[in-house]
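In: Sequence plus the predicted model coming up.
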Number of protein chains: 2
Amino acid sequence: MSDRSRIAVDAMGGDEGLAVMLAGVARARRDIDDISFLLVGDEPAIRAGLANHPNLSQHSEIVHAPDVIAGDEKPSQAIRRARTTSMGIAIDCVKQGRAAAAVSAGNTGALMSMAKLSLRTMPGIDRPALAALLPTLGDNDVVMLDLGANTECDARNLVQFAVMGAAYARTTLDLSAPRVALLNIGSEDQKGTGEIRDAAQQLRAATHLPMRFAGFVEGDRLSRGEHDVIVCDGFSGNIALKTAEGTARFVADLLKRAFRSSVRSKVGFLISRPATELLRDHLDPNNHNGAVFLGLNGLVVKSHGSANERGVATAIGNAAKMVKADLTRRIIEDLGNFEAKAAA
Amino acid sequence: MSDRSRIAVDAMGGDEGLAVMLAGVARARRDIDDISFLLVGDEPAIRAGLANHPNLSQHSEIVHAPDVIAGDEKPSQAIRRARTTSMGIAIDCVKQGRAAAAVSAGNTGALMSMAKLSLRTMPGIDRPALAALLPTLGDNDVVMLDLGANTECDARNLVQFAVMGAAYARTTLDLSAPRVALLNIGSEDQKGTGEIRDAAQQLRAATHLPMRFAGFVEGDRLSRGEHDVIVCDGFSGNIALKTAEGTARFVADLLKRAFRSSVRSKVGFLISRPATELLRDHLDPNNHNGAVFLGLNGLVVKSHGSANERGVATAIGNAAKMVKADLTRRIIEDLGNFEAKAAA
């Protein structure tokens, strides 16, 4: 079992419980060759759960952790319990080189704080950012960051997010020069905050990097497939992401209501069911699960707290892709190039 | 013709041109009794356009304006042209008491700056906010503000927006004690920026006002019908509003694509067409058009630049409702109560 392709999983995090986590990991193991796991958490419970997944048992090792971080635990309190909790120990496996990435569905704030304290930020990076892939009408998903790790950001943070996001898009979406845009409330140069305008100026000048800066993008064009990376502060990013999720669910609920409105509609719905299922599949957050903290000296992936078996498997699949692409090293190289040019 | 029920319309603003504006006004006139108009803009053009709308002709007066504010004109430049432009003159009609409200589909930033300069903010209000009604799964629409007039806001601004938004909800949605929430990136007390947390503290203490403060709301619950007023800074509000619009369109596009994916789906689509039309109707921005600048000594309503005839009529209908409800006076009273208690 090579450490290069081993993933540490916080088996105890998430709202759905250990059984769903293990089922998700087992599913990922079936989908991905050459991958193995450190399952971190309560050893007897994990051992019992593994009885249902003989294939996973063969490719995993249990790492006992007596404690669990609570969903509403404050980050400042959580970091004091790093050594005894499944989340803290999973991150530590990455630090020790025992695993190539850690995946957790637990408390995002605690995960961020613990990961930053343990793995430290990359050279030149002030703050890590939470990045995810979102569905679009185009051929590719779009990378969006920050999604809530940093409530307020200055121009330097935003520029670093752009560089990290572009590196992520190159490795995950196989693009040579991703189109990067800053989220703003208008497309004209004078729109938005001073921080955003400063960041735009710096990105316009950074022509040596393998990315294309495309200026500002407004909220109504995020999913048009016109950009590969959308950069924003964590507050706006979280608002946009959750508003998009909520609106998609809202439209689906309206559609359901509309289909129930008459017998004729019900018949139409039954006939066109494959179409609406295709839609549901495309919008299901479980098919887009697995946000990564970019900017750390090690990979930490956040799975949605309410992800189901498929969602957990998607998050692990994303983590495996990032490991294979050597994402951390490539981002460090990219940032180095940028800093060197900026200093010259 | 009573000035109390007369609305000044910037006939030249908007992307769709004079003919659509006039058709929208004529439609509003058919829908609403006891309403009349000042049509502000190029007199010969308006006169020619009115030939198609004899009923509107009987209930309107033309006010000539030689110039038009351009869509990309900077607010600082626009305010110097207030006296000769259709937008500036429409606002001036409100200031002079010749009209009870002004409606424009032109440049939002210019409209905001001109309106603020001409009508001034209400006593105790530092900045006006752009407010609109958005569709929900509940019985009522939800009021959301600010939607882009103020890029950055402090706690005092947010509290004033809450009070103004509540007054708007009481008059427009006929609610006695609207449920007011602050848009945030989590529901726990320690989430978000210092400004938002301070505003929450002040609103929690303001128990004498006819509204119920419901704490924080996240982006995914905006359209659940759980709140009547959502308060945020103009940057977040614009991002949320446009992301919601974009996502609704995205889902509709996916649905269209899904329905085209097979003959069976196409047949299902045809049969269930009334249902999908119901959906389209519910989501159509033209049915929710007409954002108002709250906090001014006079009513100024912004119609979407790309609104169609129905959209323009909806915006005018909203303006007429606000006039009838005496919105400006009621908000001034509310703010007075709040300030008196705060000073006590």
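Out: Now that the structure is in, tell me what you want to look at. Residues are numbered from 1 along each chain as shown, chains lettered A, B, ... in the order given.
In: Centroid-nearest residue for chain A?
Out: A:Ala291 (0.7 Å; CA atoms, centre = their mean).
In: mind listing what that one touches?
Out: By CB atoms under 8 Å, 6 or more residues apart in numbering or on different chains, A:Ala291 lies in contact with A:130-132, A:147, A:301-302. The C-beta positions use only the backbone N, C-alpha and C, and glycine is treated the same way.
In: Tell me the spacing between the residue nearest to it when sequence neighbours are not counted and chain B.
Out: Nearest residue to A:Ala291, sequence neighbours excluded (CB to CB, 6 or more residues apart in numbering or on different chains): A:Ala132, at 3.9 Å. Using CB to the nearest CB, to the nearest Å, A:Ala132 is found at 14 Å from chain B.
In: Is A:Leu255 in a helix, a strand, or coil?
Out: helix (DSSP: H, G, I helix; E, B strand; the rest coil).
In: isn't it right up against B:Ala252?
Out: No. Counting by CB atoms under 8 Å, no contact exists between A:Leu255 and B:Ala252, whose distance comes to 9.6 Å.
In: The two: which is more packed in?
Out: Counted by other CB atoms under 10 Å in any protein chain shown, A:Leu255 and B:Ala252 do not tie: A:Leu255 has more neighbours, with 22 against 16.
In: Distance across stretch A:70-84, terminal residue to terminal residue?
Out: Separation of the first and last residues of stretch A:70-84 by CA to CA, to the nearest Å is 13 Å.
In: so what does the host helix or strand of A:Ala78 touch, helix or strand wise?
Out: For A:Ala78, the host element (DSSP states H and E) is helix A:75-78. When contacts are defined as 3 or more CB pairs under 8 Å, 6 or more residues apart in numbering or on different chains; DSSP states H and E, helix A:75-78 packs onto helix A:108-119.
In: Quick one: distance of the helix it packs on to the chain centre.
Out: Relative to the centre of its chain, helix A:108-119 is centred 14 Å away, using CA atoms, centre = their mean, to the nearest Å.
In: average pLDDT for that helix?
Out: Averaged across helix A:108-119, pLDDT comes to 93.
In: Pull the residues that contact it.
Out: For helix A:108-119, contacts defined as CB under 8 Å, 6+ apart pick out A:69, A:73-76, A:78-79, A:82, A:87-88, A:91-92, A:94-95, A:102, A:104, A:128, A:130, A:148-149, A:293, A:296-298, A:300, A:302.
In: Would you mark the buried spots in that helix?
Out: Neighbour-count burial for helix A:108-119, counted by 16 or more other CB atoms under 10 Å in any protein chain shown, picks out A:108-116, A:118-119.
In: helix or strand right after it?
Out: Per DSSP H and E, the first helix or strand lying C-terminal to helix A:108-119 is strand A:129-134.
In: Paired strands for that following strand, with orientation please.
Out: strand A:142-145 (antiparallel), strand A:291-294 (antiparallel) (DSSP bridges).
In: The last one: what's the following helix or strand?
Out: Remark: after strand A:291-294, the chain's next helix or strand is strand A:299-302, criterion DSSP H and E.
In: That next one and chain B in contact?
Out: No. Residues of strand A:299-302 contacting chain B under CB under 8 Å from any CB of the partner chain: none, with a closest distance of 14.6 Å.
In: name the helices or strands packed onto that strand?
Out: In terms of contacts (3+ CB pairs under 8 Å, 6+ apart), strand A:299-302 is packed against helix A:86-95, strand A:101-104, helix A:108-119, strand A:291-294, helix A:309-324.
In: Against which helices or strands is the last one packed?
Out: Spelled out, it's helix A:309-324. Using 3+ CB pairs under 8 Å, 6+ apart: helix A:309-324 touches strand A:6-10, helix A:18-31, strand A:101-104, helix A:155-172, strand A:291-294, strand A:299-302.
In: Output those as JSON lines; include the columns distance to A:Asp284 and mean pLDDT.
Out: Shown next, in JSON lines, are the helices and strands packed on helix A:309-324 (distance: least, CB to CB, whole Å; pLDDT from 0 to 100):
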{"stretch": "strand A:6-10", "distance to A:Asp284": "22", "mean pLDDT": "97"}
{"stretch": "helix A:18-31", "distance to A:Asp284": "14", "mean pLDDT": "96"}
{"stretch": "strand A:101-104", "distance to A:Asp284": "19", "mean pLDDT": "97"}
{"stretch": "helix A:155-172", "distance to A:Asp284": "19", "mean pLDDT": "91"}
{"stretch": "strand A:291-294", "distance to A:Asp284": "16", "mean pLDDT": "94"}
{"stretch": "strand A:299-302", "distance to A:Asp284": "18", "mean pLDDT": "96"}
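In: First-to-last residue distance for stretch A:128-138?
Out: End-to-end distance for stretch A:128-138, by CA to CA: 28 Å.
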